[in-house]
Each structure stands twice: as structure tokens, then as C-alpha cells.
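[1] Give me a 3D structure for the following:
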Amino acid sequence: MKIKIRPENKNDYKVISMINDMAFGQEAEGILVEKLRRNKKYSKDLSLVACMGNEIVGHILFFPVEIKADDNTFEALALAPMSVIPELQGLGIGSQLLENGLAKAKKLGHKSVIVLGHPEFYSKFGFTPASKFKITCPFEVTDDVFMALELEKDSLKSVSGCVAYPKEYKDL
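    Okay, the predicted model is just below:
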């Protein structure tokens, strides 16, 4: 399957919202993406779409977050949301979005990524429970679904604390 991954542009916004809504079966993720675009930390370079021909079939967004400890704050990226049109899920589009997104994040100088998601999927890309790095989630979730990935070796070695998501995530 020939997929092209590229940064989103303004003409993509409605389709991205629709794909997120379809993939998650609700409007919350589409609304989240719209709200995050209005946040000054948003980067279109970290909001990517997957295209088959001229049709957008998937989307991934990485957004800056902080990991806060009592005496330190560390920067990371949150991966959320990621979506693929339901009829095309399981064909590798999400994997291509994730691989391209992680490569782009690393190229832009980001050192780590946090995700709340399916461990069977994300572990294939090197994500491990964030608790391994003494990183906690501000929401009540099981240990296996809250994961972290070092884009740079040992970048989370001396990191600990709780992830501080921007207010837009709390509205979900």
C-alpha cells in the first residue's frame, strides 16, 4: 500500500477532525486536535497526515508536555491522538504514521515521547511502561497503557515526575 506522510495544512483540518471522530467513535479527539492547534506550543511539523493518493486516511499528533518533579521540569512530547479511518485500520498506516512521526520528532531535537495507548501496538516501537523511568500519569490508568520512549539514548535516565498535560487534554 503506497502511503505518503506529510505535515498537515489548513485545508486538512476538517478531514483530520472527521478521521479522529470516526476512529474513536466520538467527537472528543477531533475537538482536542482543533483546540491544540490554538495553543502556542502547537507545531504543524508534529501534526502529520497519511495520504493514499490525494485522500487523507490517517493522522498523528505530537504535542509538548512537561514531566514535573518537586525540583525539576523535563520536556517531552505526548503522542495523542493517532487515528486511521476504521476501514483501513490494521493495514500498517498507523505504523507508518508512528515511524515517520518519531523520526520527525527526533530530527527536530525532541528526546522522548509519552503515550497513553495499546501496549501491544506501541511496544513494537520500543515503548515501555513509563513507570520504568519513574514517570507517572496525572490520570488513573493501568501501568501497561502509560508508556514512554527515549528518542535519544538515556534521555529519561535521570527523569522522574508526573506528566503535566496542557489543559486541552483535560477537557476530554
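
[2] alpha carbons only for contacts and neighbour counts from here, please
    Will do.

[3] for the top helix by length along the chain, packing partners?
    Ranked by number of residues, the top helix in the chain under DSSP state H is helix 93-107. Judged by 3 or more C-alpha pairs under 8 Å, 6 or more residues apart in numbering; DSSP states H and E, helix 93-107 is in contact with strand 4-7, strand 47-52, strand 55-68, strand 73-84.

[4] and that helix, what's its mean pLDDT?
    The average pLDDT for helix 93-107 rounds to 97.

[5] Equivalent analysis for stretch 2-21, please.
    Mean pLDDT, stretch 2-21: 96.

[6] likewise stretch 122-131?
    Averaged across stretch 122-131, the pLDDT comes to 98.

[7] if we can go back for a sec, tell me which of the helices and strands packed on helix 93-107 sits nearest to Ser131.
    Evaluated over the helices and strands packed on helix 93-107, closeness to Ser131 peaks at strand 55-68, with 12.5 Å, by C-alpha to C-alpha.

[8] I'd like the helices and strands packed on helix 93-107 laid out as JSON lines, including distance to Val15 and mean neighbour count.
    Compiled in JSON lines, the helices and strands packed on helix 93-107 are given as follows (distance: least, C-alpha to C-alpha, whole Å; neighbours: other C-alpha atoms under 10 Å):
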{"stretch": "strand 4-7", "distance to Val15": "14", "mean neighbour count": "17"}
{"stretch": "strand 47-52", "distance to Val15": "10", "mean neighbour count": "22"}
{"stretch": "strand 55-68", "distance to Val15": "7", "mean neighbour count": "22"}
{"stretch": "strand 73-84", "distance to Val15": "11", "mean neighbour count": "22"}
